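Undergrad: Predicted model, plus sequence, below.
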Amino acid sequence: MEGANVNKIDSLIDKAQYIRATVFKMICEGGGGHIPASLSIVEILVVLYYEVLNISPETISDPDRDRFILSKGHACAALYAVLANCGFIDKQWLSTFGKRGTILGGHPDMHKIPGVEATTGALGHGFPFGVGAALAGKMDGRKYRVIVLMGDGECQEGSVWEAAMFASAMALDNLCVIIDHNRLQAMDTLDNIVPISPLAEKWQAFGWQVNEVDGHDIAGLIEKFTALPFQANKPSLIIANTIKGKGVSFMEGVPIWHYRMPNGEEMAVACNELGIDPL
Ligand SMILES: Cc1ncc(C[n+]2csc(CCOP(=O)(O)OP(=O)(O)O)c2C)c(N)n1
Ligand SMILES: [Mg+2]
């Protein structure tokens with residue numbers, strides 16, 4: 001890799017580490033939230049917001065801005081941390097997360113939070129919303145792209161498959177969906193609840209062009225996003241293989257942590273691993 005590129009990747013890795021620590025702190029101080037689901041998507045959000053999306057705090061109402069939709073809205077702590085670090089929202093608001101009167105609730109609200117494109121939280125709705133936004137972009141002759149981040153358990157929702165079928169029928173090559181493939185849903189593995197494999201083949205059969213990547217590999221993610229659309233006149237799908245809870249060893253891949261708060265001892269271990277002062 002060229003020197004400038006190495007520096008860029010290193011700087012994004014540092015940002016991801018900072019966002020990861022911010023997410024943990026924010027949720028612990030707020031007293032509740034989805035820590036592992038948020039840690040699963042940190043690198044994806046960092047690459048999108050610092051390298052890929054054509055959006056900025058100055059252009060949040062520009063009709064030509066790219067649209068990012070966090071369809072797995074329960075992971076909004078990661079989105080809030082990135083929005084704050086990019087200047088869309090005040091960093092001081094992060095300490096209000098989940099508290100009475102905050103605008104930063106446990107699921108993101110597009111009517112309250114600058115930079116949030118869709119209110120999500122009920123799984124299976126952000127993606128169809130994104131399909132509508134992509135279709136509108138085509139109909140209006142706009143150049144913007146729509147990028148949607150979904151959970152793998154979320155793919156069990158029926159609305160996902162209707163939207164997938166419709167997007168390919170409309171040849172929406174301005175649309176990209178990333179699936180955060182951490183192989184866990186709320187309290188167990190997908191395989192133990194409702195298996196969704198073979199995931200790539202299902203989406204291909206629905207008319208999508210599919211690629212896979214390690215969802216924590218910043219260089220790999222940049223490469224995939226740079227290659228969009230993967231094929232003209234087809235929507236693109238990126239299956240991002242991830243680890244739920246990435247960065248906190250005792251949470252990694254352990255379903256019970258889906259919506260559980262660490263105790264004092266566990267918090268100390270996590271803070272140490274994340275390189276932050278004890279909370
Ligand atoms: C329609 C709907 N049903 C159930 C839930 C409750 N719920 C919140 S997170 C979650 C698990 C989702 O799994 P996945 O999409 O794989 O996301 P992950 O937690 O792995 O990031 C569930 C079932 C919900 N938010 N919306
Ligand atoms: Mg999952």
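TA: On my side now, so go ahead. Ligands and ions are numbered 1, 2, ... in the order given.

Undergrad: Secondary structure element for Q17, which one?
TA: Q17 is located in helix 3-30, with elements delineated by DSSP states H and E.

Undergrad: list the buried ones in that helix?
TA: Residues of helix 3-30 classed as buried by neighbour count (16 or more other C-beta atoms under 10 Å): 8-9, 12, 15-28, 30. Any C-beta I mention is one placed from the backbone N, CA and C, and that applies to glycine too.

Undergrad: Return the distance of the nearest residue to E157 once chain neighbours are set aside relative to ligand 2.
TA: Leaving aside its chain neighbours, E157 sits nearest to G124 (2.8 Å; criterion: C-beta to C-beta, 6 or more residues apart in numbering). With the distance defined as C-beta to the ion, to the nearest Å, G124 ends up 13 Å from ligand 2.

Undergrad: Let me see the backbone angles for G124.
TA: phi 90, psi 10 (degrees, to the nearest 10).

Undergrad: ok, it touching W161?
TA: No: at 9.5 Å, G124 does not count as touching W161 under the criterion of C-beta atoms under 8 Å.

Undergrad: more neighbours, those two?
TA: Counted by other C-beta atoms under 10 Å, G124 and W161 do not tie: G124 has more neighbours, with 20 against 15.

Undergrad: Just want the residue of the stretch 151-279 of the chain that's nearest ligand 1.
TA: G151 (2.0 Å; C-beta to the nearest ligand atom).

Undergrad: got a list of what the residue nearest to that residue when sequence neighbours are not counted touches?
TA: Nearest residue to G151, sequence neighbours excluded (C-beta to C-beta, 6+ apart): K72, at 3.8 Å. Applying C-beta atoms under 8 Å, 6 or more residues apart in numbering to K72 gives the contacts 37, 41, 120, 123, 126, 149-151, 154, 180.

Undergrad: So which of these belong to strands?
TA: Those of these mapping onto strands are 149-151, 180, per DSSP state E.

Undergrad: And the furthest pair within those?
TA: L149 and G151 (8.4 Å; C-beta to C-beta).

Undergrad: What residues are bridge-paired with the nearest residue to G130 once chain neighbours are set aside?
TA: Distances taken as C-beta to C-beta, 6+ apart place V148 nearest to G130, at 4.0 Å, with adjacent residues excluded. V148 has the following beta-bridge partners by DSSP bridges: I69, V177.

Undergrad: V148 and ligand 1: what is the separation?
TA: As for V148, its distance to ligand 1 is 13 Å (criterion: C-beta to the nearest ligand atom, to the nearest Å).

Undergrad: The closest residue to E29 other than its chain neighbours: neighbouring residues, count only.
TA: Of all residues not flanking E29 in the chain, S95 sits nearest, at 6.3 Å (C-beta to C-beta, 6+ apart). The number of residues packed around S95, counting by other C-beta under 10 Å, is 13.

Undergrad: ditto for the one 10 residues further on
TA: A count of nearby residues for G105, using other C-beta under 10 Å, gives 20.

Undergrad: Quick one, grab the pLDDT at M1.
TA: On pLDDT, M1 comes in at 66.

Undergrad: pretty sure A21 is touching L279, no?
TA: No: counting by C-beta under 8 Å, A21 stays clear of L279, with 10.5 Å between them.

Undergrad: Return the residues of the stretch 101-250 of the chain in contact with ligand 2.
TA: Residues of the stretch 101-250 of the chain lying close to ligand 2 (C-beta under 5 Å from the ion) are 151-153, 182, 184.

Undergrad: and of these, the nearest to E201?
TA: Nearest to E201 out of these is D152 (C-beta to C-beta; 14.6 Å).

Undergrad: Quick check: the closest one touching L199?
TA: Yes: look at D152 against L199 with C-beta under 8 Å: they come within range, at 7.3 Å.

Undergrad: Need the overlap of contacts for those two.
TA: 179, 181.

Undergrad: and the gap between E58 and L83?
TA: Relative to L83, E58 is positioned 14 Å away (C-beta to C-beta, to the nearest Å).

Undergrad: quick one, which of these two is more surrounded?
TA: Neighbours were counted for E58 and for L83 using other C-beta under 10 Å; L83 has more, 25 against 9.

Undergrad: Thought P108 was touching the more buried one, still the case?
TA: No: applying C-beta under 8 Å as the test, L83 and P108 come out as separate, 9.2 Å apart.

Undergrad: Quickly list what's touching both of these two.
TA: Common neighbours of L83 and P108, using C-beta under 8 Å, 6+ apart, are V116.
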